[in-house]
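Sequence below, structure please.
(one chain, ligands or ions: 1)
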Amino acid sequence: MIATDANVINGAVVKPLSSPQVAPQIGLEQYYSEAGPDYAAWSREFNMHFGFYRAGANPLDRESMLEQMNAEVLEHLQLAGIVEPRLLDLGCGLGATLRSFSRRLPHASLVGLTRVPWQVEHARALNEVAGFGEQVRVLEADYENTVLPHNGFDGAYALESSCHAHGPDKGALMTEAHRLLRPGGRLVVADGFLTSARFTSTLQQRVYRKLCECWVIEELAQLQPFRERLEKLGFSDITVENLQMRVAPSVAHIPWVTLKFLLTDVAFGKREMTRARWNNVLAPVLLPLVSAPLGPMTYCMITATKR
Ligand SMILES: C[S@@+](CC[C@H](N)C(=O)[O-])C[C@H]1O[C@@H](n2cnc3c(N)ncnc32)[C@H](O)[C@@H]1O
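Okay, here's the model as predicted:
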């Protein structure tokens, strides 16, 4: 084997391992319905993503870092000058980002998609309570194949939801996002990606498989194929920002949040700890073991403009 940068680790040549595909044993709907309420332990606003740390911010204030991630997505949508922007959340969870945008852009029209009926019901209820019932629509739909009209949105984003889409380039999801955006419309994807670095061992590859299985992910997107897909679809101005250091302070909250969850919800909770719920406890613990600097996974924000 010829040693390249990708297969020499700490001076040792390691056998390259390809990105394995996983067949999750629990369906997306079951996972997010059963583990859904547990996200309250992570975020009182139900932000189901990692936070963005800005210099000077308080790294102990998780909720404000999670909200900052919403703000970063919004900024990257580049909506200046659009009076009533039409925005699409591809995988909206319980709608935290939609509500954040509603507060910041009272004239925007916002649509969120999720495949999980439990999330639709609860996101709508949370939107009503927040007073955004009119402005925000949450629909049950598959983001790879919607019935929404062509060119209908000024901006579309997938915040830690593209990982669930098919293929290493997330081709079906990106094709649909391209169809739904108007020419000049902006796409923002923030998520974990696999870099061209390889897994350092079969054990690490197994940890990756387990992580994917726990979070109902077939395979993470691979940076290069993902970028090439955007180019082939006709997106321009493609940027890839590595946010690994920005999300690290919120990732550092995982041990504390997990311990607190075990001591409260698991020890004294009334709901049965199903497999889906245990999976949601395990996955964040495994995450650092396969992420940079130990492994090939890293967190990126990718933006593009439809020509
Ligand atoms: C980790 S959650 C992120 C939710 C939200 N973006 C946030 O940051 O709070 C992933 C979301 O992607 C959604 N999702 C996954 N696959 C989907 C699909 N094929 N169609 C629509 N939504 C999907 C899930 O239902 C879930 O709401």
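
For the chain, list the residues in contact with the ligand, please.
28, 32, 47-49, 91-93, 96-97, 113-116, 119, 142-144, 159-161, 164 (Cβ under 6 Å from any ligand atom). All C-beta spots, glycine's among them, are computed from the backbone N, C-alpha and C.

Let's see which of these end up in helices.
Judged by DSSP state H, the subset of these located in helices is 28, 32, 96-97, 119.

List buried members of the residues of the chain next to the ligand by neighbour count.
Among those, those buried by neighbour count (16 or more other Cβ atoms under 10 Å) are 28, 32, 47-49, 91-93, 96-97, 113-116, 119, 143-144, 159-161, 164.

can you give me the helices for the stretch 1-150 of the chain?
28-35, 62-76, 96-104, 117-130 (DSSP state H, counting those that start in this stretch).

Can you say which of those is packed in most?
helix 96-104 (a mean of 22; mean count of other Cβ atoms under 10 Å).

same for that helix, what does it pack against?
helix 62-76, strand 86-90, strand 109-114, helix 117-130, strand 136-140 (3 or more Cβ pairs under 8 Å, 6 or more residues apart in numbering; DSSP states H and E).

Swap in 6 Å and give it another go.
helix 62-76, strand 109-114 (3 or more Cβ pairs under 6 Å, 6 or more residues apart in numbering; DSSP states H and E).

how far does it sit from the chain's center?
How far helix 96-104 lies from its chain's middle: 16 Å, per Cα atoms, centre = their mean, to the nearest Å.

One more: stretch 41-49?
Between the centre of stretch 41-49 and the centre of its chain there are 13 Å (Cα atoms, centre = their mean).

First-to-last residue distance for it?
One end of stretch 41-49 sits 12 Å from the other (Cα to Cα, to the nearest Å).

any idea of the mean pLDDT in it?
The average pLDDT for stretch 41-49 rounds to 98.

mind starting the numbering at 44 from now?
Yep, numbering from 44; the last one is stretch 84-92 now.

And for it, what's in contact with it?
82, 109, 112, 136-137, 139, 202-203, 300, 304 (Cβ atoms under 6 Å, 6 or more residues apart in numbering).

Tell me which of the residues you listed fall in strands.
Among the contacts of stretch 84-92, the members found in strands (DSSP state E) are Leu202.

which two from the contacts of stretch 84-92 end up farthest apart in space?
Leu202 and Phe304 (22.3 Å; Cβ to Cβ).

Name the SS class of Thr282, please.
Classification of Thr282 using DSSP: H, G, I helix; E, B strand; the rest coil returns strand.

What's the local residue count around it?
Residue neighbour count, defined by other Cβ atoms under 10 Å, stands at 13 for Thr282.

Show me the beta-bridge partners of it.
Counting by DSSP bridges, Thr282 is bridged to Thr346.

now the helices: where do they sit in the stretch 194-343 of the chain?
Applying DSSP H, counting those that start in this stretch to the stretch 194-343 of the chain gives helices spanning 214-223, 245-257, 266-276, 287-294, 297-304, 310-311, 318-333.

Between these, which has the poorest mean confidence score?
helix 310-311 (a mean of 91).

Quick one, grab the pLDDT at Glu177.
So, for Glu177, pLDDT stands at 89.

From Leu156, how far off is it?
Shown here: Glu177 relative to Leu156, a distance of 18 Å by Cβ to Cβ, to the nearest Å.

Repeat that for Phe175.
Phe175 is 16 Å from Leu156, by Cβ to Cβ.

Confirm for me that Pro102 is in contact with Ala291.
No - in this structure, Pro102 is not within contact of Ala291 by Cβ atoms under 6 Å, at 9.2 Å.

just to revisit the earlier point, can you tell me which of the helices of the stretch 194-343 of the chain is most buried?
For these, the highest mean count by mean count of other Cβ under 10 Å goes to helix 214-223, at a mean of 21.

Find the centremost residue of this protein, please.
Glu203 (0.2 Å; Cα atoms, centre = their mean).

State the phi and psi torsions of the residue lying closest to that residue once chain neighbours are set aside.
In space, and not counting its chain neighbours, Glu203 is closest to His92: 4.2 Å by Cβ to Cβ, 6 or more residues apart in numbering. Here is the backbone geometry of His92 (degrees, to the nearest 10): phi -150, psi 180.

Could you give the average pLDDT over the strand ranked longest in the chain?
In the chain, with assignment by DSSP E, the single longest strand is strand 224-237. Averaged over strand 224-237, pLDDT sits at 98.

now for that strand, which elements pack on it?
Contacts defined by 3+ Cβ pairs under 6 Å, 6+ apart place strand 224-237 against strand 196-202, strand 340-349.

Adding mean pLDDT as columns, could you present the ones you listed in a markdown table?
Listed next are the helices and strands packed on strand 224-237 as a markdown table, based on pLDDT from 0 to 100:
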| stretch | mean pLDDT |
| --- | --- |
| strand 196-202 | 98 |
| strand 340-349 | 98 |
